[in-house]
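In: give me the fold of what follows.
(chains A and B)
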Amino acid sequence: MTDLTRITVAQARDGLKARTFSATELTQAHLDAIEAAKSLNAYVLVTPEKALEGAKAADARLAAGEAGPLEGIPIGVKDLFATEGVRTTACSRILENFVPSYESTVTANLWRDGAVHLGKLNNDEFAMGSANETSCFGPSVNPWRRTGSEVPLTSGGSSGGSSAAVAAGLCLGATATDTGGSIRQPAAFTGTVGIKPTYGRCSRWGTVAFASSLDQAGVITRTVRDSAILLRSIAGFDPKDSTSADRPVPDYEAAIGRSVKGLKIGIPKEYRVEGLSPEIDALWQRGADWLRDAGAEVVEVSLPHTSYALAVYYIVAPAEASSNLARYDGVRYGVRVPGKDIAELYENTRAAGFGREVKRRILIGTYVLSAGYYDAYYVKAQKIRTLIRQDFENVYASGVDAILTPATPTPAFGIGEKANASPVEMYLNDVFTVTVNMAGLPGLAVPAGLGAEGLPLGLQLIGRPFDEETLFALGEAIEQAAGRLDAPRWWS
Amino acid sequence: MAVDEKTVRRIAHLARIRVTDEEVPHLRNELNAILDFVAQLDEVDVSAVEPMTSVLPMELRQREDVVTDGGYAERIVANAPQSDDNYFVVPKVVE
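Out: As a prediction, the model looks like this:
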């Protein structure tokens, strides 16, 4: 019998419909795989009873001919999405005992469509990190290793549990969130596909907030088609999120296989940054060739304010985080550390509950928003953000349909290898991805082959606002040319 | 605009995060490294640029000013570290 943890969402959908296997069998196969892969630390909470109960209900609906679009598909959920009755921690000690009494809109949409909830996935604490190392549960581990080496590598961050689980066959797809690259970088590090949709495409309601003007939910899957299938489910208008876009959700899967002939692809010259590994540069060229072979036209474009994006990001994101994380005060939920008065209670609680990176970002954010510095830092950053968005608008106005860039400057690195790196050095991981969040655009990371060390490398496609369909069409063309990547399962 | 240890303590207090004496010099260095990094923005002329206030051009929706939710205080306090009769309990605030 086929290994049910190696199939795609699309194949599972067909197999369930044809009754080749049951939802219960499919879910059980994944629960067994999760049990055997504990060393990857991808899940921070497994919900086997809930999963099997969901699978049983899915089997009943399949038998009755009442199946939803995702009926019986086992999904992992990043621990940043509130799940009713299921502990949700954002991988922070301050929320270690938090059990939401409500469900995030994104996950509610998945369950509405029949998906099965396997459990909660590891991430960097409050999604702040690029290596999943700031999680209070410890880092998730990349299923990929360098050829001939057993050194554990990072599965990226912040959605490192999502990327590890999808690459390792511990779910068919996973939810994820992206504030500066947290879907696309982990996808690139693990040979998986990650879609960060347009800002406003998916509701932020019930997702633990990091930087509200940048945060956007998406998915990580093993194929471009699977991303298209899952995005259709999680996307859509939600009156509970004031920035949610009130526009219809297209059938994204219909864009898979659509011709890319005549599409104009921009190659931004400013992305040839210092320190770009030669193999990633070569991969980028190869990606452009593939799209050209498929009939697209490749042109050089300029996004002149690119080099400022990281600096802008490290003002705007901490500023919004310092404001969003003010709610963790030990009063209404989460951990409390007593003090002699209420101020000391707050200070003790937050000192004990937050990890180093989160504290650092809250302090930076507090500083740039404090009296006398607000204009010099925050307002200035938001002005440069306008310039970054205008760069993209100008390129799209010139007739470019999508932009092709590398997803990350390097392949996955060793866990702890950058322990002595400065915060700024770690932030460079996001150099190709943050501009997309700055401008609210959709971005898709697609695996494009293995590098010299035997590790996956990814390309990024950036689209016009709400034009995820073009990204899926182009992503499919790259996937067809590059082939799919399957991680060796050394742990079982 | 480098920060000194006094500023680190002031910011930490504003953020309501207790910092120890050992942490302060490290935090000062880390914050200064980040501020040095973002100082590159000084070279951009933004005199004629409007700050971004909306990620995508959209009007903020408004709704009727009516109650649409609520009536379940016990669920609101369910995760409270300390509660009493559906109230959050905190140390005495007013003498």
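In: check whether residue A:10 really touches residue A:225, as I assumed.
Out: Yes - shown here, residue A:10 and residue A:225 form a contact pair, counting by CB atoms under 8 Å, at 5.3 Å. In short, each C-beta sits where N, CA and C put it, glycine included.
In: so these two - more neighbours on which side?
Out: Neighbour count, other CB atoms under 10 Å in any protein chain shown: between residue A:10 and residue A:225, residue A:225 has more, with 23 against 19.
In: what secondary structure does the more buried one sit in?
Out: In three-state terms, and counting by DSSP: H, G, I helix; E, B strand; the rest coil, residue A:225 is helix.
In: what distance do you get for it to chain B?
Out: Residue A:225 sits 27 Å away from chain B, going by CB to the nearest CB, to the nearest Å.
In: now do the contacts for that residue.
Out: By CB atoms under 8 Å, 6 or more residues apart in numbering or on different chains, the contact list for residue A:225 reads A:8, A:9, A:10, A:253, A:256, A:472, A:476.
In: I'd say residue A:391 and residue A:307 touch.
Out: No - under the criterion of CB under 8 Å, residue A:391 makes no contact with residue A:307, lying 11.1 Å away.
In: give the buried residues for stretch A:60-75.
Out: A:61, A:62, A:67, A:68, A:70, A:71, A:72, A:73, A:74, A:75 (16 or more other CB atoms under 10 Å in any protein chain shown).
In: what does stretch A:109-119 give?
Out: A:109, A:110, A:111, A:113, A:114, A:115, A:116, A:117, A:118, A:119.
In: cool, and stretch A:275-286?
Out: A:276, A:277, A:279, A:280, A:283, A:284, A:286.
In: equivalent analysis for stretch A:31-44, please.
Out: Here stretch A:31-44 shows A:31, A:33, A:34, A:37, A:40, A:41, A:42, A:43, A:44 as buried, counting by 16+ other CB under 10 Å.
In: then stretch A:374-381?
Out: A:377, A:378, A:380, A:381.
In: which ones among these map onto strands?
Out: Residues of those located in strands (DSSP state E): none.
In: what subset of those residues is also close to chain B?
Out: When contact is defined as CB under 8 Å from any CB of the partner chain, those meet chain B at A:377, A:380, A:381.
In: report the residue spans of the chain with pLDDT below the cut-off.
Out: In the absence of a named chain, chain A is used. For chain A, the stretches with pLDDT under 70 are A:1.
In: wait, chain B
Out: B:1.
In: quick one: the helices in it?
Out: Taking DSSP state H, the helices of chain B run over residues B:5-14, B:23-38, B:73-76.
In: the longest one vs helix B:5-14, what angle?
Out: Orientation of helix B:23-38 against helix B:5-14 (axes from the mean of the first three to the mean of the last three CA atoms, to 10 degrees) gives an angle of 100 degrees.
In: for the residue positioned nearest the centre of chain B, give me its contacts.
Out: For chain B, the residue sitting closest to the mean C-alpha position, by CA atoms, centre = their mean, is residue B:15 at 6.8 Å. Counting by CB under 8 Å, 6+ apart, residue B:15 touches A:322, A:350, A:362, A:363, A:366.
In: if you rank the residues you listed by neighbours, which is first?
Out: Busiest of those [other CB under 10 Å] is residue A:362, holding 29 neighbours.
In: that one contacts residue A:354, correct?
Out: Yes - between residue A:362 and residue A:354 a contact is recorded at 7.0 Å, counting by CB under 8 Å.
In: and for those two, which residues touch both?
Out: Residues touching both residue A:362 and residue A:354 comprise A:325, B:17, with contact defined as CB under 8 Å, 6+ apart.
In: what about the contacts of residue A:225, which one has the most neighbours?
Out: residue A:472 leads these on contacts (other CB under 10 Å) with 30 neighbours.
In: wait, a strand at that one?
Out: No - under three-state DSSP, residue A:472 falls outside any strand and is assigned helix.
In: could you pull out the strands for the stretch 351-492 of chain A?
Out: Listed in chain order, the strands of the stretch 351-492 of chain A (DSSP state E, counting those that start in this stretch) span A:402-406, A:443-450, A:456-463.
In: tell me the angle the second one makes with strand A:402-406.
Out: With the same axes, to 10 degrees as the criterion, the two stretches strand A:443-450 and strand A:402-406 enclose an angle of 50 degrees.
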